[in-house]
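Novice: Just need the structure, nothing else, for what follows:
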Amino acid sequence: MLPWRRVLGPLIALLLTAAVALLPATTAHAAGAPSSGWNDYSCKPSAAHPRPVVLVHGTFGNSVDNWLGLAPYLTHRDYCVFSLDYGQLAGVPLFHGLGPIDKSAQQLDAFVDKVLAVTGAAKADLVGHSQGGMMPRHYLKFLGGAAEVNALVGIAPSNHGTTLAGLTNLLPYFPGVGNLLNEATPALAQQVAGSDFLDRLNAGGDTVPGVRYTVIATRYDQVVTPYRSQYLNGPNVRNVLLQDLCPVDLSEHLAIALTDRIVFHEVANALDPSRARPTSCASVFS
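Specialist: Model (predicted):
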């Protein structure tokens with residue numbers, strides 16, 4: 001076997017390469033308020049859509065690039081839509097969601113408080129991608145978020161961690177790699193299946209009372225694996241496999257959140273189930 005120092009670098013590179021599949025296709029946008037209608041703090045929720053929607057990006061994402069497709073889709077349907085940046089590391093611009101997840105949940109808590117204050121709404125709905133679909137569960141369970149949130153929609157969420165298609169099973173063979181990941185990019189280490197963070201998050205049940213949960217997964221996910229680990233168990237949970245809605249949809253971990261209008265349609269259904277319309281391959285034109 002090769003000395004561990006000779007393979008440590010390649011293993012870390014491989015882990016990061018798999019995680020970088022979360023990167024938005026475009027990263028030239030500054031992570032500030034976009035001009036396409038969301039993060040408008042003068043927006044007041046309508047009677048039809050009385051709750052603001054808070055979008056929570058994934059690992060290596062940011063508040064703009066992760067939502068260039070879904071945010072305009074929802075604002076066009078008269079939702080008040082907001083997005084935040086969280087989990088920033090010093091000296092790392094644009095690529096966020098890397099800091100300790102419990103600290104990121106505190107940032108989400110503060111952001112939801114701000115959104116509720118400016119909109120006058122009693123509760124918000126959350127839509128998150130990858131880590132952004134899992135991290136809010138810490139806020140709901142440990143930070144009182146259940147009193148402020150009506151629904152959580154997770155798009156390819158890392159609810160029970162990931163094996164990165166089995167790659168994380170190699171970690172025990174490389175002493176020190178786990179500690180290095182914990183120190184350099186805590187959120188990556190915390191999303192490995194079996195991490196202490198995930199064990200605590202999921203202990204006693206996946207859900208909390210009073211919140212509706214929707215999980216939208218794709219069988220072609222190559223980052224949060226196996227894809228069924230994304231599903232939640234508990235009351236008020238709906239687990240959706242994208243290919244059950246449209247068998248020919250080949251979206252993987254990135255496309256499912258960035259560009260897939262079939263998924264966008266199902267997100268809208270989850271946000272407003274009383275007006276839900278069947279989702280199918282034809283929903284790409286809706």
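Novice: List the buried residues for the longest helix seen in the chain?
Specialist: For the chain, the longest helix by residue count, based on DSSP state H, is helix 101-119. Across helix 101-119, burial judged by 16 or more other C-beta atoms under 10 Å covers 101-102, 104-109, 111-112, 115-116, 118-119. C-beta here means a position set from N, CA and C on the backbone, and glycine is covered the same way.
Novice: C-terminal to it, what's the next element?
Specialist: Later in the chain than helix 101-119, the nearest helix or strand by DSSP states H and E is strand 124-129.
Novice: So what are the sheet partners of that next one and their directions?
Specialist: strand 53-56 (parallel), strand 149-155 (parallel) (DSSP bridges).
Novice: tilt between the next helix or strand after it and helix 101-119?
Specialist: Remark: after strand 124-129, the chain's next helix or strand is helix 131-142, criterion DSSP H and E. Between helix 131-142 and helix 101-119, the angle comes out at 80 degrees (axes from the mean of the first three to the mean of the last three C-alpha atoms, to 10 degrees).
Novice: now helix 131-142, how far from the centre of its chain.
Specialist: 9 Å (C-alpha atoms, centre = their mean, to the nearest Å).
Novice: Give me the buried stretch members for that helix, please.
Specialist: By 16+ other C-beta under 10 Å, the buried positions in helix 131-142 come out as 131-141.
Novice: could you dump that helix to PDB, C-alpha only?
Specialist: Output of helix 131-142 as PDB, limited to C-alpha atoms (Å, rounded to 0.1, in the frame of the first residue of the first chain):
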ATOM      1  CA  GLN A 131     -27.000  21.000   2.300                       C
ATOM      2  CA  GLY A 132     -29.600  23.800   2.100                       C
ATOM      3  CA  GLY A 133     -32.300  21.200   2.300                       C
ATOM      4  CA  MET A 134     -30.800  19.500   5.400                       C
ATOM      5  CA  MET A 135     -29.300  22.400   7.300                       C
ATOM      6  CA  PRO A 136     -32.700  24.000   8.000                       C
ATOM      7  CA  ARG A 137     -33.700  20.900  10.000                       C
ATOM      8  CA  HIS A 138     -31.200  21.900  12.600                       C
ATOM      9  CA  TYR A 139     -32.800  25.300  12.800                       C
ATOM     10  CA  LEU A 140     -36.300  23.600  13.100                       C
ATOM     11  CA  LYS A 141     -35.200  21.100  15.700                       C
ATOM     12  CA  PHE A 142     -32.800  23.000  17.900                       C
END
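Novice: Now tell me what touches that helix from outside.
Specialist: 55-59, 61, 66, 86-87, 97, 101-102, 104-106, 108-109, 112, 126, 128, 145-146, 149, 152-159, 187, 191, 201, 206, 208, 211, 215, 230 (C-beta atoms under 8 Å, 6 or more residues apart in numbering).
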